[in-house]
Every structure is written in C-alpha cells, then in structure tokens.
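Peer 1: Provide a 3D model corresponding to the input given below.
(one chain, ligands or ions: 1)
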Amino acid sequence: MKDKIKAVALFSGGLDSILAVKLIREQGIEVKGINFKTPFFGLNEAFAIAKDLNINLEIIDITEELLKILKKPKYGLGKNMNPCIDCHALMFKKAGEYMNKIGASFILSGEVLGERPMSQNRNSLNIIERESGFKGRILRPLSALLLAETIPEKEGLVDRNKLLDISGRSRKRQMELAAKMGIKDYPSPAGGCKLTEPAFSKRLRDLFFTQESFSIEEIELLKLGRHFRLSKDIKLVVGRNKEENEQLQNFFQEGDFLFKAKNLKGPVSLLKRGFKINNELIDNGTFWILPKNLKI
Ligand code: SF4
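Peer 2: Just a heads-up that it's a prediction; the model follows:
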C-alpha cells in the first residue's frame, strides 16, 4: 500500500525542495523532512515553510563533522570555504541514517542537475551518492529522468513517469511548476551559507589556520564587527553599529577585555584572549603600555 511508503526529504525550504516534496507526496508517499544546524547555515525559513506544508522536520547538528571536513575536504573547496561535495555527502549520510531509523525507503532532495556548478553536475551527484553510503536510495525528483533509475523506482515504490527532467541554472520550469501547484510564497534562491561568502571565508581561514584552538562561539563571532588579528592568539573585534556593539558584549568571556567609552557614544571593542598579551608583544610594539593617568 502506497500510504505506508515513507521517504526522507532534505528540506531547505527553498523552491526546489518544496517542489520535490510535493511531487513525491502526489504519489501518496509520506515525506519526513530533515534539515541541518551549524554555525555556517541553519534553518532560516525552513521551519516555517515546513510547518505550512505540514512536514515534520528533524533537525540534526552536524557542526562537529563539518568542522573536520573543513580542515581537510576530500573533494576540495569551492570559490570560498565551501566544501560543497563533502558537505552534501555528509547531509545525505545523515539523512540515510535517519531513513533507516524511521523505516523510510528512500531519500529525496530538490537538487537539479547542472543548477550549481560544483555540487550539482553529474559527476558530483554520483560522488555524493557514493560517499553518503546510500547509493541507489537517493531520488532527485526534479531531474530524475536525466539520471539513473533509483532503487525505489525499480521497486515500484515511485512512479518514474511522474518525475521530471529539469536541468540547468534557469529557474523557469520550477517557477511554472510552482504556479501550477499553487505555490506562491517561497524564499528567493539566495544561498544563505556563510561558507560561500568571501569576507566570512577569509575570517574563517584566519581562525582555522592561525589560532591553535577556537570555540564555536569564536566562529559565531566571525559574523560580527571588524576583525583585526594582533597575534596568533589575540584578535580585536570592533562593533560597526549599535546592534553589533550590543551583540559583541555577549561574546565577552573570561580572559577577554571589553572596551567601552564611558560617557561617550562610540564603538565597543572586544579583545579576544587579551590575557595572552605578553612582554614579547609589548616589546615588538603590538601593544603599548600607556601611562596610568593618561587622559585622552
Ligand atoms: S553551500 Fe554551504 S551548505 Fe550548501 S553544500 Fe555548500 S557548504 Fe554545504
């Protein structure tokens, strides 16, 4: 009976994933959603959209695994710090584990062949599938007719004739399909992943390859203020507006110094790991010792 068939959807809340879910649901298959949490990307609007579509969304934190990948991505990085192939393989691995846990038969995603140069070309889709450990169990309904038949199609769980052959970067067919399905509200396709942003990637690279160790909070801090690397351990972060000035104070921890003008408006500055200031940094001029009663 079709109503007993379950599938797990990688659900970002974007139009492609909405359409993929709808196409599979139209075949009478129950769809559970899965989404991932990290300091680099997260739920955004996915939760609200899943609720509208009546999809149960399982949220899995993949920060630890992604950090390991970032240090040595097997399939390299994109233009910035985005290890998209390894990252997708990890997501499908997690989705596959969840599929087994809930007794679902396959995984689906809204990926479209050729839509993204690094992670959605034919070769990458094959690598991702192989590396995930769930070869044959990943169905991409929007491009299925251009890809090899999957196990759920071969087993008759999914009717291949009702799947699509969309490819390329144009979103025209997806938009036509959305109109046909009565889908009006969906987020724009803009990424939402900090790892694809040049400025954030530069800061992340600095944190990864300069400091010996760092916390998740220090990754979060990369999203705020102007950053000045003062030594391999010490960084100064300066707020750029009122909101950042307020947020910066939440990152103040033992061992840091926080600078605020007393009766004046001005930026808040956070000297991360200020306790590491030593004579060497004073001797080489990175830090100065000012006279005790100096008035500015
Ligand atoms: S854009 Fe970000 S979230 Fe998406 S696959 Fe690449 S690294 Fe992962």
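Peer 1: who in the stretch 1-150 of the chain is up against the ligand?
Peer 2: Within the stretch 1-150 of the chain, the residues that sit near the ligand (C-beta under 6 Å from any ligand atom) are 41, 82-84, 87-88, 119. Backbone N, C-alpha and C define where each C-beta goes, glycine included.
Peer 1: now do I289, the pLDDT please.
Peer 2: In this model, I289 is scored at 84, pLDDT.
Peer 1: name the element the most centrally placed residue in the chain belongs to?
Peer 2: Nearest to the centroid of the C-alpha atoms of the chain, with distances taken as C-alpha atoms, centre = their mean, sits F41, at 3.1 Å. Per DSSP states H and E, F41 falls between elements, in no helix or strand.
Peer 1: please renumber so the chain begins at 29
Peer 2: In the new count, where the first residue is 29, that last one comes out as F69.
Peer 1: where does the prediction get shaky in the stretch 179-324 of the chain?
Peer 2: Low-confidence segments of the stretch 179-324 of the chain, defined by pLDDT under 70: 216-219, 323-324.
Peer 1: would you map the strands across it?
Peer 2: Secondary structure of the stretch 179-324 of the chain (DSSP state E, counting those that start in this stretch): strands at 254-257, 263-266, 285-287, 297-300.
Peer 1: quick one: strands adjacent to the shortest one?
Peer 2: Looking back up the chat, that one is strand 285-287. Strand 285-287 pairs in its sheet with strand 297-300 (antiparallel), by DSSP bridges.
Peer 1: what comes into contact with the strand it pairs with?
Peer 2: Strand 297-300 has contacts (C-beta atoms under 8 Å, 6 or more residues apart in numbering) with 246, 249, 253, 258, 262-267, 276-277, 279-280, 284-287.
Peer 1: let's see 7 Å
Peer 2: Strand 297-300 is contacted by residues 246, 262-266, 276, 279-280, 284-287 when judged by C-beta atoms under 7 Å, 6 or more residues apart in numbering.
Peer 1: before we move on, what about stretch 173-188?
Peer 2: 33, 55, 133-134, 141, 164-168, 172, 191-193, 195.
Peer 1: would you mark the buried spots in it?
Peer 2: Within stretch 173-188, the residues scored as buried using 16 or more other C-beta atoms under 10 Å are 174-175, 178-181, 185-186.
Peer 1: again, but for stretch 79-90
Peer 2: Residues of stretch 79-90 classed as buried: 81, 83, 85-86, 90 (neighbour count, 16+ other C-beta under 10 Å).
Peer 1: quick one: it to chain centroid distance?
Peer 2: Its chain's average C-alpha position is 15 Å from that of stretch 79-90, according to C-alpha atoms, centre = their mean, to the nearest Å.
Peer 1: ditto for stretch 190-208
Peer 2: Distance of stretch 190-208 from the chain centroid (C-alpha atoms, centre = their mean) equals 24 Å.
Peer 1: E93 touches K121, doesn't it?
Peer 2: No. The criterion here is C-beta atoms under 7 Å, and E93 misses it with K121 at 8.7 Å.
Peer 1: common neighbours of the two, please.
Peer 2: Common neighbours of E93 and K121 (C-beta under 7 Å, 6+ apart) do not exist.
Peer 1: and the residue of the stretch 129-278 of the chain that's closest to the ligand?
Peer 2: In the stretch 129-278 of the chain, the residue that lies nearest the ligand is C221 (3.2 Å; C-beta to the nearest ligand atom).
Peer 1: pLDDT score for the residue nearest to I244 when sequence neighbours are not counted?
Peer 2: Sequence neighbours aside, P67 is the residue nearest to I244 in space, at 6.0 Å (criterion: C-beta to C-beta, 6 or more residues apart in numbering). We have a pLDDT of 95 for P67.
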